[in-house]
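Peer 1: A predicted structure for the sequence below; I have some questions about it.
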Amino acid sequence: MINLVLFGPPGSGKGTQSVKLQEKYQLMHVSTGDLFRMHMRENTDLGKEAKSYIEKGDLVPDEVTIGMMNAKIESHPEAKGFIFDGFPRTAAQAEALDALLNSKNTPVSKMIALNVPDEELIKRLLLRGKDSGRADDQNEEIIANRIQVYNDKTLPVASYYEKQAKLVEIHGLGSIDDIFNRLCAVIDTLA
Ligand code: ADP
């Protein structure tokens, strides 16, 4: 079983690469952002709560996020492994994920971090905002807040996995296929 944490700032390409990796390695792609957007579309209680944070570019509280992810993982006992995209984003989330996966004897195999400079992130997010209609991608202030929240709260999660010797960093500029090949080179060492 391979469990990957795909890590990187907003706009670093986690979602794009996850879709390609899911297909190649037959892993289940779980994106917290996609799950929250689904709850918002369906106007569930969780969606209503998440919306107030997401529209400001803040993180949804840990207990809500962790509860949603635990339920998602538990509901797929058939999965051959997971690609976690956008999770964990805080130290508490990383600890919760370890606790759950270790209890199933299927620990995180690697965290792969996509390194992309801030100027490129802002460009990509504004472009995505035009195409996707995502409100949090259309406003430069909200984007700046997301990058700041990433630097303050999420970057420490990389050190958490580095201490477990699980962190691999990848250059996140280049074509989608170039970056995909860099990711595959790392994953192929795990099989
Ligand atoms: P991006 O990576 O471009 O920021 P996502 O779709 O992953 O986009 O996330 C969108 C928003 O959902 C985030 O700005 C945040 O408000 C919320 N979110 C996503 N994942 C998490 C998480 N693990 N913990 C808390 N909030 C999250």
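Peer 2: Looks like it arrived, so ask away. Nothing here was measured: the structure is a model prediction, and the numbers come from that model.

Peer 1: and the protein, which residues reach the ligand?
Peer 2: Within the chain, the residues that sit near the ligand (CB under 6 Å from any ligand atom) are 10-11, 32-33, 36, 53-54, 57-60, 65, 86-87, 89, 93, 136, 146. The way it works is simple: take the backbone N, C-alpha and C, and place the C-beta from them, glycine included.

Peer 1: Buried ones among those residues?
Peer 2: Burial of these was assessed by neighbour count (16 or more other CB atoms under 10 Å); the buried members are 10-11, 32-33, 36, 54, 57, 59-60, 65, 86-87, 89, 93, 136, 146.

Peer 1: List just the nearest of these to the ligand.
Peer 2: Comparing those against the ligand with CB to the nearest ligand atom places G33 closest, at 1.8 Å.

Peer 1: Check what pLDDT that closest one gets.
Peer 2: The confidence metric pLDDT takes the value 97 at G33.

Peer 1: Next: A191.
Peer 2: Reported pLDDT at A191 in the predicted model: 71.

Peer 1: Once you drop chain neighbours, what's closest to it?
Peer 2: Nearest residue to A191, sequence neighbours excluded (CB to CB, 6 or more residues apart in numbering): I2, at 7.4 Å.

Peer 1: now the residue lying closest to P9 once chain neighbours are set aside: how far from A144?
Peer 2: What sits nearest to P9 in space, not counting adjacent residues and going by CB to CB, 6+ apart, is Y150, at 4.6 Å. Relative to A144, Y150 is positioned 11 Å away (criterion: CB to CB, to the nearest Å).

Peer 1: Could you do Y53 as well?
Peer 2: 16 Å.

Peer 1: just L167 next, same as before
Peer 2: Between L167 and A144 the distance, using CB to CB, works out to 26 Å.

Peer 1: Can you tell me what sits against stretch 170-186?
Peer 2: Contact with stretch 170-186 is made by 8, 12-13, 16-17, 20-21, 24, 110, 112-117, 120, 168, as judged by CB atoms under 8 Å, 6 or more residues apart in numbering.
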